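Student: missing the sequence, but the structure's below:
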């Protein structure tokens, strides 16, 4: 997976700008913890600026894209964290667990090095945003890659799950962020910010169908009610383990 992000990372920092409202939800979930481990940290999105954060990231390209204000980073995979037991007050992993080769091992490692709370931002693969109507292979990919919410309880013990609504003008270009801006999915540059589109083949039919439906008004007949919503449950969840 580090190799994939060495490719995706070319435009990642530009397209995946942290959204302040999502950042607030993550910070609140972290509670009063002062020392935080960020696993699968990427370019540093959502690292709390007012805490002592240590980042872990396997991809060289993503590490190179980290800004000067990002937390110190260690290059390592989630499944082999180079820290002593109970080194951190809390840990976070943001839209990354589904990429880990051994998810259970990675989460066991996070639990080992964390004294307190673990906060994960993930996607519930049982959810079906409207985009999957045009790209049904996304639903297949979600089910193949994304852990079920019940898996986290099996790996981490008791968990709390909170819905994370996506703002209509979300600045972070993850897969379902453009739910109220459907034309964005026709832009190959914007699609390049999502690892899921890099993993799909044969998307031409879906792109053509979406383009046709936007042109004819069919998209608005089916989904136009979304244009009145300020936020949308696109399937993203905060999983919190004490």
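Tutor: Everything's here; your move. Everything numeric here is computed off the predicted structure, so don't read it as measured data. Numbers count the residues shown, from 1 in each chain.

Student: report the central residue of the chain.
Tutor: Residue closest to the mean C-alpha point of the chain, counted by C-alpha atoms, centre = their mean, is residue 95 at 2.3 Å.

Student: how about the contacts made by that residue?
Tutor: Residue 95 makes contact with 121-123, 174, according to C-beta atoms under 8 Å, 6 or more residues apart in numbering. From N, CA and C alone the C-beta is placed, and that goes for glycine too.

Student: between those, which is nearest residue 100?
Tutor: Sorting those by distance to residue 100 puts residue 122 at the head of the list, at 11.5 Å, by C-beta to C-beta.

Student: re earlier: and the two most separated of the contacts of residue 95?
Tutor: Distances among the contacts of residue 95 were taken as C-beta to C-beta; the most separated pair is 122 and 174, at 11.4 Å.

Student: Three-state assignment for residue 111, please.
Tutor: Here residue 111 takes the helix state, with states given by DSSP: H, G, I helix; E, B strand; the rest coil.

Student: residue contacts, the nearest residue to it once chain neighbours are set aside?
Tutor: Nearest non-adjacent residue to residue 111, counting by C-beta to C-beta, 6 or more residues apart in numbering: residue 156, 6.3 Å away. By C-beta under 8 Å, 6+ apart, the residues touching residue 156 are 107, 111, 118, 239, 241.

Student: show me which pair in those is furthest apart.
Tutor: Using C-beta to C-beta, the pair of these lying farthest apart is 111 and 239, separated by 12.9 Å.

Student: so which of these two has more stuff around it?
Tutor: Neighbour count, other C-beta atoms under 10 Å: between residue 111 and residue 239, residue 239 has more, with 23 against 16.

Student: next one: that one from residue 121, what distance?
Tutor: Residue 239 sits 8 Å away from residue 121, going by C-beta to C-beta, to the nearest Å.

Student: repeat for residue 141
Tutor: To residue 121, residue 141 is 18 Å away according to C-beta to C-beta.

Student: quick one: the helices in the chain, in order.
Tutor: With DSSP state H applied, the chain shows helices at 2-8, 12-15, 20-30, 60-64, 103-113, 131-134, 136-145, 149-156, 188-191, 195-199, 204-216, 218-223, listed in chain order.

Student: any chance of those in TSV, plus mean pLDDT and distance to residue 88?
Tutor: Converted to TSV, the helices of the chain look like this (pLDDT from 0 to 100; distance: least, C-beta to C-beta, whole Å):
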stretch	mean pLDDT	distance to residue 88
helix 2-8	48	22
helix 12-15	74	25
helix 20-30	98	11
helix 60-64	89	20
helix 103-113	98	6
helix 131-134	98	36
helix 136-145	94	26
helix 149-156	96	15
helix 188-191	93	35
helix 195-199	87	26
helix 204-216	98	42
helix 218-223	98	42
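
Student: got these as JSON lines, with distance to residue 48 columns?
Tutor: Formatted as JSON lines, the entries for the helices of the chain read as follows, by distance: least, C-beta to C-beta, whole Å:
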{"stretch": "helix 2-8", "distance to residue 48": "22"}
{"stretch": "helix 12-15", "distance to residue 48": "18"}
{"stretch": "helix 20-30", "distance to residue 48": "5"}
{"stretch": "helix 60-64", "distance to residue 48": "19"}
{"stretch": "helix 103-113", "distance to residue 48": "17"}
{"stretch": "helix 131-134", "distance to residue 48": "30"}
{"stretch": "helix 136-145", "distance to residue 48": "27"}
{"stretch": "helix 149-156", "distance to residue 48": "21"}
{"stretch": "helix 188-191", "distance to residue 48": "27"}
{"stretch": "helix 195-199", "distance to residue 48": "24"}
{"stretch": "helix 204-216", "distance to residue 48": "37"}
{"stretch": "helix 218-223", "distance to residue 48": "35"}
